[in-house]
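>>> Sharing a sequence plus its predicted fold:
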Amino acid sequence: MNTNVTKNSYVNAWIAEMAELVNPSDIVLVDGTEAQTEALRKAACECGDLIKLNEEKLPNCYLHRTAINDVARVEDRTFICTSKKEDAGNINNWMDPKECYEKLSKLYKNSYKGKTMYVIPYSMSVVGSDFAKYGIELTDSIYVVLNMIIMTRVGLNVLEALGDSADFIKGLHARAELSQENRYICHFPEDNTIWSVNSGYGGNVLLGKKCFALRIASYLGRKEGWMAEHMLILGVQTPDGEVKYITAAFPSACGKTNLAMLIPPEIYQKQGYKVWCVGDDIAWLRVGKDGRLWAVNPENGFFGVAPGTNEKSNPNALHTAMRDTIFTNVCHNLDDNTVWWEGLDNNPPTNALNWKGEVWDYRKYDKADKVNTSGAHPNSRFTAMAANCPCISDKFNDPAGVPVSAIVFGGRRAKTAPLVYQSRSWQNGTFVGSIMASETTAAAAGAVGVVRRDPMAMRPFVGYDMGDYWAHWLAMGKKLSNPPKIFHVNWFRTDDEGHFIWPGFGDNMRVLLWILARCEGKVDATETPIGYVPNVDDINIEGLDITKETLADLLSVDKALWLEDCAGIRQFYAQVGDRVPAELYDELKALEEKLSK
Ligand code: OXD
Ligand code: MN
């Protein structure tokens, strides 16, 4: 078998070594051309990996079902394999690299027998740009190839840009037996290597995304002086045509894609405001020559959660996914060969298969047992092209990226965090990011109101020690002569009956405008122990079903609750361990003192 499929001797040698292990019947280089991609779609339909959907209603769209035991990222089976355990830190799972290679080699052995090895050369960020990093993923799954073609920049130009360099991320994926007990997602940051075995679900197998663009990239960013963050990037265009950029980090399932594609309320549309989406999940950030922070979205598409996406919550995402899209684990409407998911509309199909491919009766839907009774899996997805997004920014493909005015952190807190507050400085903002948290909701299994600390929304994605990661944030701040201002938002405050008070969605624009006004020094604020909160008159509530009193309530800071939270933060810092920077302990102490006054 010819393993010399590229002109790069390092790539070829690695392919040969991996082929020896997994033993494919042939090797195909993925070139990203439409002709090859179309042939692969056909092959995937023939082998049952994909179902072609209604060409008129959903042009070039396909449906895929994963194995029933393989529907989400598996944090407990995700490992950072650094030679020293302490470099992975206390928050990550760690395995010794040698032990991990040996263990996984046994699982990979002959796993491609009778199958094709696809070699996918891909770039995160625009090929040839300063931000760009290259990867090669080897996979036995056409579904993975087709998803990677949407989610990253795949093509022979990647190999040209790589030239004869050995500087690429080596990703090996095998579905193997899709065995849950032997599923491993392992990262070897010291070797630029990712090994993923026994899964076929996106977040575990589209190696450009969480594995490379966050875990490996965060490690590289620390080494090379830049940052890889779990952040959306959006641009707010003001009536005079100027666009200001905001990045925002929220834990998974807190509405990042919705915020990234926000449609301004009518009162703002009439004035000429617009919102442009640069990215919905990942930002790579570098210090520009102007001393500002510059951001790119290294991805090329969206891997969005389908349920809940509809004409009201996120029309832009819905329209993006109406063509050239791969749907995973959604409901299949057999009447017109289209797809459906909970929250799309109020007309569940009556002749349909659920996400498992079984005949589905929508009348048996039970909110308490969504996984078994819903049409679409709660974590079902659309993989759609950024280029098809109606509000995609004209800077999406700009190799320089966009300058960041504000960084926004957020979580899901019923009572503690106000609607919005501004940190006092980069250091204080880093502290605000480090204490980010979300409370479990009634919708999720387990106790309600349990706080999960998710610093910078990166808890599952930092490729090294969390304390070192915070130190890197502080170090980056020192390199910025004109740093973004750092804010925290909470769309999820509830009243005593547990109803959300703030309308959210497009109306979040009202908060973004306060944030930008603060960045430009155009509006005052009230100082509280946690930072600056808006004066009630400075958040526009025109047209909302909200009174000034309610807004005041949304902006209030309950000192007793915050003091309780500080105790939780101390515990979390202790768990992170010895490498928590002293500056963050100083910030915590200062906060406790202010709250106790
Ligand atoms: C995602 C996640 O899929 O954060 O983006 O879980
Ligand atoms: Mn994410």
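Cool, got the structure. Ligands and ions are numbered 1, 2, ... in the order given.
>>> Need the phi and psi values for the closest residue to Thr139 other than its chain neighbours.
The shortest distance from Thr139 to any non-neighbouring residue, by CB to CB, 6 or more residues apart in numbering, is to His173 (4.3 Å). Placement of C-beta: from N, CA and C, glycine included. Dihedral angles of His173 (phi, psi; degrees, to the nearest 10) stand at phi -120, psi 140.
>>> Quickly list what His173 is bridged to.
In this entry, His173 is beta-bridged to Ser196, by DSSP bridges.
>>> so which helix or strand takes in the residue in the stretch 301-450 of the chain that ligand 1 sits nearest to?
Among all residues of the stretch 301-450 of the chain, Phe303 sits closest to ligand 1, at 6.0 Å; criterion: CB to the nearest ligand atom. Taking DSSP states H and E as the definition, one finds Phe303 inside strand 301-305.
>>> now Val145
Going by DSSP H and E, Val145 is part of helix 142-151.
>>> Likewise for Val371?
helix 370-373.
>>> right, and the helix or strand after that helix?
Criterion used, DSSP H and E; the element after helix 370-373 is strand 381-385.
>>> Say whether ligand 1 is contacted by whichever helix or strand comes after that following strand.
Next helix or strand after strand 381-385 toward the C-terminus (DSSP H and E): strand 402-410. No - judged by CB under 6 Å from any ligand atom, strand 402-410 and ligand 1 are separated, with a smallest distance of 13.5 Å.
>>> Run through who's touching the following helix or strand past strand 402-410.
Per DSSP H and E, the first helix or strand lying C-terminal to strand 402-410 is strand 420-422. With CB atoms under 8 Å, 6 or more residues apart in numbering as the test, strand 420-422 has contacts from 485-490, 511, 514-515, 518, 525, 528, 530-534, 539, 555, 557.
>>> Now, the residues you listed that are in helices?
Judged by DSSP state H, helices contain the following of the contacts of strand 420-422: 511, 514-515, 518.
>>> picking that back up, determine the set of other helices and strands touching the strand holding Phe303.
The contact analysis (3 or more CB pairs under 8 Å, 6 or more residues apart in numbering; DSSP states H and E) places strand 301-305 against helix 142-151, helix 256-260, helix 315-320, strand 381-385.
>>> would CSV of the ones you listed with mean neighbour count and mean pLDDT be doable?
CSV is the format used below for these (neighbours: other CB atoms under 10 Å; pLDDT from 0 to 100):
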stretch, mean neighbour count, mean pLDDT
helix 142-151, 25, 98
helix 256-260, 25, 95
helix 315-320, 21, 98
strand 381-385, 25, 98
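>>> Pipe the ones you listed into CSV and attach distance to ligand 1 per row.
Output for these, formatted as CSV (distance: least, CB to the nearest ligand atom, whole Å):
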stretch, distance to ligand 1
helix 142-151, 11
helix 256-260, 7
helix 315-320, 13
strand 381-385, 8
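>>> care to break the protein down by domain?
The chain breaks down into these domains under automatic domain parsing: 9-49+73-217, 229-297+396-596, 302-388.
>>> before we move on, the earlier item: the strand holding Phe303 pairs with which strands?
Applying DSSP bridges, strand 301-305 is found paired with strand 381-385 (antiparallel).
>>> what does the partner strand rub up against?
147, 150-151, 202, 300-306, 309, 317, 320-321, 324-330.
>>> Determine the angle, from 0 to 180 degrees, between that strand and helix 142-151.
Per axes from the mean of the first three to the mean of the last three CA atoms, to 10 degrees, the angle that strand 381-385 makes with helix 142-151 is 50 degrees.
>>> Can you show me the CA trace of strand 381-385 as CSV?
Only the C-alpha atoms of strand 381-385 are listed here, as CSV (Å, rounded to 0.1, in the frame of the first residue of the first chain):
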residue,chain,number,x,y,z
ARG,A,381,-26.7,18.8,16.1
PHE,A,382,-26.4,20.6,12.8
THR,A,383,-23.1,20.9,11.1
ALA,A,384,-23.5,24.0,8.9
MET,A,385,-21.2,26.3,6.8
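>>> Now the residue nearest to Ser556 when sequence neighbours are not counted: phi and psi?
Residue nearest to Ser556 in three dimensions, not counting chain neighbours: Pro418, with 6.4 Å by CB to CB, 6+ apart. When read as degrees, to the nearest 10, the backbone of Pro418 gives phi -70, psi 170.
>>> May I have the strands that pair with the lowest-mean-pLDDT helix or strand in the chain, each with its orientation?
Of all the helices and strands that make up the chain, strand 437-439 has the lowest average by mean pLDDT, DSSP states H and E, namely a mean of 90. Partners of strand 437-439 in the sheet, by DSSP bridges, are strand 451-453 (antiparallel).
>>> Quick check: buried residues in the strand it pairs with?
451, 453 (16 or more other CB atoms under 10 Å).
>>> Give me the next element, helix or strand, following it.
helix 466-479.
>>> could you say what helices and strands that next one packs with?
Against helix 466-479 (3+ CB pairs under 8 Å, 6+ apart) you get helix 217-224, strand 227-229, strand 283-287, helix 426-434.
>>> Many thanks, I have nothing further to ask.
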